[in-house]
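Engineer: kindly return the folded structure for what I paste below:
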Amino acid sequence: MNKTTLSCTLAIALLLLHHLCAGQAQENPQPDGFIGRGLAQISAGNVEAARQQALADAQGKALMEAITGRVPLDVMEKNFSLLKKNFLDKATAYIQSFKVVYENTSFDFYQITIQALVQQELLRRDLDTIMFVGAPREPRKVLLMIAEKMSGSNDFVFWWAQGSAAKIPESELIIKEKCAEKDFVVVDPLQTLKEPPASSPYFFPEPDIDTVCRIGALCGADIAIVGKAEIERSRGTDTTSFSAFQCNLKANAISVKDRKVIVSAAAYGLGVNADEVSAYRSAVDKAGRQLLNQIADKLMLLPH
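Structural biologist: Got it, this is the predicted structure:
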């Protein structure tokens, strides 16, 4: 489990623990209220600033308690960054009113507990829009078309090239591994295509949208991710005991059905390791993860 996943899982576990303990509030809660407990450190003796931070923390936790009743735990874990960005960091937009049921200072910390009324209809509508809660979704089928160029080379390597030049670049294989984390099912075009479905434009590192969509339709893909990965060896590492690579990755996500670009994304990754292959993979892994995060976050807001 990577650090990001571990952090998200831990955050959700703490929030669920908070949810289970919510019934122990010091005041009698209203039936439709949600308890939120906030904590903030008092810095430089500024108690009021710490109180505002603790209050914001409490509002976010009260909202999370409301969300846990609507969103399954596995969905929360996969989309925690999206939840935080669109809901927890904007908790005041969903809290209709609140009252403070407890507050106190302890050592260098300010503690506050609130009971909040949440705008349930607004929350439900936004969750349905952003998270598609309650609407089971089939994983999107994705066609990957990543052309790779290594430093020192004038040519791109890509699987849709002509004849013996055709080869799946390692960067595409690494990005394919990352797709599973976003519930993308990557189709295998080489199992479907018997011969190139188009003339010369098909053999370009960046084929036109019509060509991409023809290939995507033949493969049964919903989305085609078409882009370039340019890998450069960092200067100054030739004489050192470690290797360093940077990966500059740019891609468009194209709707095969609508025949148009729906997301344009760019990412950068740096990999450093004593082993050259590991350094290369690390750079592509970081850039690929960033790129897919951008694409997945955008697709979350679109109908499926």
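Engineer: dump the helix or strand hosting residue 263 to CSV, restricted to CA.
Structural biologist: Residue 263 is part of strand 260-273 when elements are defined by DSSP states H and E. Listed in CSV are the C-alpha atoms of strand 260-273, where the atom choice follows Å, rounded to 0.1, in the frame of the first residue of the first chain:
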residue,chain,number,x,y,z
LYS,A,260,-13.9,14.9,-29.3
VAL,A,261,-11.3,15.7,-26.7
ILE,A,262,-12.8,15.8,-23.2
VAL,A,263,-9.7,16.3,-21.1
SER,A,264,-6.2,17.6,-21.8
ALA,A,265,-3.6,16.8,-19.2
ALA,A,266,0.1,17.2,-18.6
ALA,A,267,2.3,15.8,-15.9
TYR,A,268,5.9,15.6,-14.8
GLY,A,269,7.8,12.9,-12.9
LEU,A,270,11.4,12.6,-11.6
GLY,A,271,12.9,9.3,-10.7
VAL,A,272,16.2,8.8,-8.9
ASN,A,273,17.7,5.4,-8.0
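Engineer: helices or strands up against it?
Structural biologist: If you count contacts as 3 or more C-beta pairs under 8 Å, 6 or more residues apart in numbering; DSSP states H and E, strand 260-273 packs onto strand 243-255, helix 276-300. In this view, the C-beta of every residue, glycine as well, is placed from N, C-alpha and C.
Engineer: of all those, which one is nearest residue 82?
Structural biologist: Judged by C-beta to C-beta, the one of these that comes nearest to residue 82 is helix 276-300, at 6.1 Å.
Engineer: helices or strands next to that closest one in the packing?
Structural biologist: Using 3+ C-beta pairs under 8 Å, 6+ apart, the elements in contact with helix 276-300 are helix 80-86, helix 170-179, strand 223-233, strand 243-255, strand 260-273.
Engineer: surely residue 205 and residue 227 touch.
Structural biologist: No - under the contact definition of C-beta atoms under 8 Å, residue 205 does not touch residue 227, with a separation of 9.4 Å.
Engineer: who's more crowded, those two?
Structural biologist: Neighbour count, other C-beta atoms under 10 Å: between residue 205 and residue 227, residue 227 has more, with 24 against 18.
Engineer: pLDDT weak spots in the stretch 201-304 of the chain?
Structural biologist: Residues of the stretch 201-304 of the chain meeting the criterion pLDDT under 70: 201-203, 236-240, 301-304.
Engineer: quickly list what's touching both of residue 205 and residue 227.
Structural biologist: Residues touching both residue 205 and residue 227 by C-beta atoms under 8 Å, 6 or more residues apart in numbering: residue 147.
Engineer: and residue 99, how many residues sit next to it?
Structural biologist: Using other C-beta under 10 Å, the number of residues around residue 99 comes to 12.
Engineer: pretty sure it sits in a strand.
Structural biologist: Yes - assessed by DSSP: H, G, I helix; E, B strand; the rest coil, residue 99 belongs to a strand.
Engineer: dump the residue contacts of it.
Structural biologist: Residue 99 makes contacts with 114-115, as judged by C-beta under 8 Å, 6+ apart.
Engineer: what of residue 184?
Structural biologist: Listed by C-beta under 8 Å, 6+ apart, the contact set of residue 184 reads 139-142, 223, 292, 296.
Engineer: for the closest residue to residue 278 other than its chain neighbours, name its beta-bridge partners.
Structural biologist: Using C-beta to C-beta, 6 or more residues apart in numbering and skipping the chain neighbours, the partner closest in space to residue 278 is residue 271 (7.4 Å). Partner residues in beta bridges with residue 271: residue 245, with DSSP bridges as the criterion.
Engineer: correct me, but residue 271 touches residue 281?
Structural biologist: Yes - counting by C-beta under 8 Å, a contact exists between residue 271 and residue 281, whose distance comes to 6.8 Å.
Engineer: these two: which has the busier surroundings?
Structural biologist: residue 271 (23 against 20).
Engineer: spit out the contact partners of that one.
Structural biologist: Applying C-beta under 8 Å, 6+ apart as the definition, the contact partners of residue 271 turn out to be 244-247, 278-286.
Engineer: who wins on neighbours among those?
Structural biologist: Within those, neighbour counts (other C-beta under 10 Å) peak at residue 283, which reaches 30 neighbours.
Engineer: about what we covered before: just the buried positions in the strand holding residue 263, please.
Structural biologist: Neighbour counts using 16 or more other C-beta atoms under 10 Å place 263, 265, 267, 269, 271, 273 of strand 260-273 among the buried residues.
Engineer: can you check stretch 211-226 too?
Structural biologist: Along stretch 211-226, these residues count as buried under the neighbour rule (16+ other C-beta under 10 Å): 211-216, 218-219, 221-226.
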